[in-house]
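S.K.: The following block contains a protein sequence and its predicted model.
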Amino acid sequence: MPTASTKSPKVHRVIWGPQRFYLSLGWKTLIAFGLVVFVPMAALLLTTSETMRHSLEDEIYNSLEANLKVLMTHAQRPLDDVRIALAQTAQDDSTATALVTQDAAALLHRLRQLEQRFPFVDVWLAIDSAQVVRGRLNGSLGEHPELGRLLQRSLATQEETLVSFDLLPRKVYLDEDPARFDGLPPQVLTQAVAAPVRGAGVLIGLFALERAGWLAERLQGLLTLDNTFVALLQGDRLLATVPIAQNLWAADRPIGNHLERAIRAGQLFKGRLPFGEDGGLVVSEPLFNTDFQPVAALALAVDSARISQYVREHSRNIYLAMALGIGLSMLIAYLAYRDTITPLQAIVNAQHDFAAGNYGVRTEIETKDEFERLGAGFNRMADAVEAHDRRLEQYNALSSLVNLSISPEALLQGTLDRVIEISRSQLGAIYLLDEGSNRLAPLVAHGLDLEKIGTIKLGEGLPGQAALEKVVKRVTEVPESGALDYKVGIASLPPQELVYFPLIYRGELIGLLLLGSLSHFPEDEFVLLEHLSRQAAIILNDTVAQKRIRDLGVRDSLTGVNNRTHFTARLEQAWGEATRYGSQLAVLMVDIDHFRQIAERYGYHLADNVLIAVARSLRKSVRKSDLVARFGENRFSVLLPHSDTEQAVATAEKVRKNIIGTTVPQLERERITISIGVASYPEIPVQSPIELVRKANAALTDAKSGGRNRVVNA
């Protein structure tokens, strides 16, 4: 008769060390509550000043931007009246007659009238259609002024009066009055008005902003923010500002590299510059010439010392409020320390919620006593139950992926992601067997660079043996190849273990599953991993079937590239994107030279091999974002999104050269060449994608008639 073995009772001991001193639950509650209140209050005390400063800066920036928008409008107003008066004078028939007959006296009379009305304009010119000065206040006539695009555009339009900012050579002003304008720089920032005179020429008024202190004073008076100063800037130069003692803009003070770069690039600027002790807050907006090129900027600056002063004045009140808050919190903590039932009640409530089916409930008790341990024990129990339920949900989610109406690629990627999540791996890949080449090609990856993962030949290496023998293979010492490193941002980590699972469906090998971990897989997890691999095999089989069905509608059955129907649909989509967002789009039309002679000489079976070889070379020669399609019997088309003419021609030349190096067995020494026509939008102003294809076809015809084996750009 067997005797029962005597087992020692299981004892859960709690023994404090000698360094532990007695502290009641009430005092623990008091201290913990005090710290919970005091630490955030102290952090708030330290950060309030900076928060206040940033808030004030944001408010000032917003006010500066609003003021700047008003000033930009008013900066144009001095020339509004000039524009109207100049346009009226230009439309007068007698002005056109005076320009045509070169009546200098009549033109001088009109310019004098304009000078009397607008004394701030520095230069008045009457220029005929040959760009020769026929009227000027100082009487010097006959030269060709260097007014750049302003004069050319005004003569070209002959319809509207142009108002712009321009950088003009100093000679324009020296010709008017050498003594008055001797101090101007070589390139003078100018506000200009040009009014065309009915085909006879143009009337022009110029004034130099280098001398426009009155403009800065006028704009300064419009500001609504105290201690703010306006300036006109050009490059790193201060052109004009208001002569006030506390003005942050000074001739001997650098404006800063960031602001200078923004002005030269024609960009808005908002930031802090090192003005004075505390610096200054600056916003600026560029001014453009007639060609929309940046020539200068209008800027506002406010002294940030007022912010520091405001923060200092209000910090005392903040400190008092903080002290009062901390004192009140300690009083509340003192009253709460006696309530030791709170953590116990929290644990009881969590147990009730968990029993009611709320498996996500947890406790958060940090008391350094038995209540904390009770809470931690409850959390561990809840975590174990929830992890078990989550694992079951993940199994169900993996099995239900097949029923989702998603693309085969998304289905396969989702499968791999779920397998990685369930198996607690960090990286993985799913390979598909190509029965024609007996190689396994990677389809999707997780945590790996899919471009760097190579194909695997059956029987070659450990993964090839796993696939050929249909057994699981483990790699516990991973070689340093780099291709299977786990990608973490810009860094990568080598895995500690790799496992290869053959994917078998109804006894036939269809692929391979790779799982990798930055630590070693637990031995008791392999039953789970093998079950996951069987699920992945079922989904991979369904994915391959879906992909084959989908490819029947978009693939050419002979060459494997896209068919003409799919090319047309993608072309329409790419055309819509190009016209909507103003991007480039190019089309290549490719024709195999002497294809009929090859077919008649060697037979259509070998001619099919030529088509397959050309299609393979085309796919290798273009980007993954490009689309290769069979357009006709021996004609292919290539869609190049976001490619201009230069890029398209370079791609076409690359394709042509790669084809020359392509050989087809059994064709003796017959060399394969192609002719290519290139058409790109918007360089070619077509109105539809069909016209773009026609242009490429026309260029292809020119390439073939010009000797073949060449690229012709439409």
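M.R.: Received the coordinates, thanks.
S.K.: What separation do you get for the residue nearest the centre of the chain and residue 688?
M.R.: What sits nearest the mean C-alpha location of the chain, by CA atoms, centre = their mean, is residue 581, with 14.9 Å. Distance from residue 581 to residue 688, counting by CB to CB, to the nearest Å: 17 Å. In this view, the C-beta of every residue, glycine as well, is placed from N, C-alpha and C.
S.K.: Next: residue 661.
M.R.: From residue 661 to residue 688 the distance is 36 Å (CB to CB).
S.K.: Likewise for residue 144?
M.R.: Residue 144 is 46 Å from residue 688, by CB to CB.
S.K.: my read: residue 184 touches residue 173, true?
M.R.: Yes. Here residue 184 reaches residue 173: they are 5.8 Å apart, a contact under CB atoms under 8 Å.
S.K.: Quick check: neighbours shared by those two?
M.R.: residue 208 (CB atoms under 8 Å, 6 or more residues apart in numbering).
S.K.: distance of residue 56 from residue 643?
M.R.: Applying CB to CB, the value for residue 56 to residue 643 is 50 Å.
S.K.: Please apply the same query to residue 272.
M.R.: In terms of CB to CB, residue 272 sits 42 Å off from residue 643.
S.K.: more crowded one of those two?
M.R.: residue 643 (26 against 16; other CB atoms under 10 Å).
S.K.: which stretch of helix or strand covers that one?
M.R.: Per DSSP states H and E: residue 643 is located in neither a helix nor a strand.
S.K.: Now do the same contact list for the closest residue to it other than its chain neighbours.
M.R.: Sequence neighbours aside, residue 586 is the residue nearest to residue 643 in space, at 4.4 Å (criterion: CB to CB, 6 or more residues apart in numbering). Applying CB under 8 Å, 6+ apart, one finds that residue 586 lies in contact with 640, 643, 644, 645, 647, 648, 651, 678, 679, 680, 681.
S.K.: Return the members of those classed as buried.
M.R.: The neighbour count (16 or more other CB atoms under 10 Å) marks 640, 643, 644, 645, 648, 651, 678, 679, 680, 681 as buried among the contacts of residue 586.
S.K.: The residues you listed: which two are farthest apart?
M.R.: The most widely separated members of the buried ones among the contacts of residue 586, counting by CB to CB, are 651 and 681 (15.3 Å).
S.K.: which one is residue 706 nearest to, not counting chain neighbours?
M.R.: Residue 706's closest residue in space is residue 712 (CB to CB, 6+ apart), at 6.8 Å.
S.K.: Look at the one you found and say how many residues are nearby.
M.R.: Residue 712: 21 neighbours (other CB under 10 Å).
S.K.: beta partners for it?
M.R.: Applying DSSP bridges to residue 712 gives these bridge partners: residue 677.
S.K.: Do you have the strands of the stretch 351-500 of the chain handy? List them.
M.R.: Per DSSP state E, counting those that start in this stretch, the stretch 351-500 of the chain carries strands over the ranges 427-434, 439-446, 456-457, 473-475, 486-488, 491-493, 497-505.
S.K.: tell me the average confidence for the third one?
M.R.: On average, the pLDDT along strand 456-457 is 83.
S.K.: what lines up beside it in the sheet?
M.R.: Sheet partners by DSSP bridges: for strand 456-457, these are strand 439-446 (antiparallel).
S.K.: got the angle between the partner strand and strand 427-434?
M.R.: Put simply, strand 439-446 runs at 150 degrees to strand 427-434, going by axes from the mean of the first three to the mean of the last three CA atoms, to 10 degrees.
S.K.: For residue 92, which non-adjacent residue is spatially closest?
M.R.: Nearest one to residue 92, counting by CB to CB, 6+ apart, is residue 110 at 7.9 Å.
S.K.: and residue 246, how many neighbours?
M.R.: 8.
S.K.: So it sits against residue 301, correct?
M.R.: No. Using CB under 8 Å, residue 246 is not in contact with residue 301, being 11.2 Å away.
S.K.: how about residue 599, secondary structure?
M.R.: Three-state call for residue 599 (DSSP: H, G, I helix; E, B strand; the rest coil): helix.
S.K.: Sketch out the low-pLDDT regions of the stretch 201-350 of the chain for me.
M.R.: Scanning the stretch 201-350 of the chain for pLDDT under 70 picks out the ranges 210-214, 220, 251-252, 276-278, 306-307, 309-319, 321-322, 325-326, 329-341, 344.
S.K.: can you do 50?
M.R.: Low-confidence segments of the stretch 201-350 of the chain (pLDDT under 50): 338-339.
S.K.: where do the helices sit along it?
M.R.: 213-220, 257-265, 305-336, 341-355 (DSSP state H, counting those that start in this stretch).
S.K.: The stretch 551-700 of the chain too?
M.R.: 564-581, 595-602, 604-621, 645-660, 689-705.
S.K.: Check the secondary structure at the residue nearest to residue 92 for me.
M.R.: Assignment for residue 110 (three-state DSSP): helix.
S.K.: likewise the one 4 residues further on?
M.R.: Of the three states, residue 114 takes helix according to three-state DSSP.
S.K.: if I look at residue 645, how far off is residue 583?
M.R.: Taken as CB to CB, the span from residue 645 to residue 583 is 14 Å.
S.K.: Sorry, wrong one. I was asking about residue 442.
M.R.: For residue 442 relative to residue 583 (CB to CB), the value is 31 Å.
S.K.: and if you look at residue 541?
M.R.: With CB to CB as the criterion, residue 541 and residue 583 are 40 Å apart.
S.K.: Settle it for me: which of those two has more neighbours?
M.R.: Neighbour count, other CB under 10 Å: between residue 541 and residue 583, residue 541 has more, with 18 against 15.
S.K.: neighbours around residue 56, how many?
M.R.: Residue 56 has 17 nearby residues by other CB under 10 Å.
S.K.: Report the secondary structure element holding it.
M.R.: With DSSP H and E as the criterion, residue 56 is inside helix 25-76.
S.K.: ok, then the element right after that helix?
M.R.: Next element after helix 25-76 (DSSP H and E): helix 78-91.
S.K.: Who are the packing partners of that next one?
M.R.: Secondary-structure packing of helix 78-91 (3 or more CB pairs under 8 Å, 6 or more residues apart in numbering; DSSP states H and E): helix 104-117, strand 187-196, strand 201-208.
S.K.: Tell me which of these sits nearest to residue 257.
M.R.: It's strand 187-196; of the helices and strands packed on helix 78-91, that one is closest to residue 257 (CB to CB) at 20.4 Å.
S.K.: What mean pLDDT does that closest one get?
M.R.: On average, strand 187-196 scores 86.
S.K.: what are the C-alpha coordinates of it, in PDB please?
M.R.: Only the C-alpha atoms of strand 187-196 are listed here, as PDB (Å, rounded to 0.1, in the frame of the first residue of the first chain):
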ATOM      1  CA  GLN A 187      22.700  99.200 -56.600                       C
ATOM      2  CA  VAL A 188      19.900 101.400 -55.400                       C
ATOM      3  CA  LEU A 189      16.600 100.000 -54.000                       C
ATOM      4  CA  THR A 190      13.900 101.900 -55.800                       C
ATOM      5  CA  GLN A 191      10.100 102.100 -55.800                       C
ATOM      6  CA  ALA A 192       9.200 102.600 -59.500                       C
ATOM      7  CA  VAL A 193       6.000 103.400 -61.500                       C
ATOM      8  CA  ALA A 194       5.900 102.800 -65.200                       C
ATOM      9  CA  ALA A 195       2.900 103.800 -67.400                       C
ATOM     10  CA  PRO A 196       2.900 102.800 -71.100                       C
END
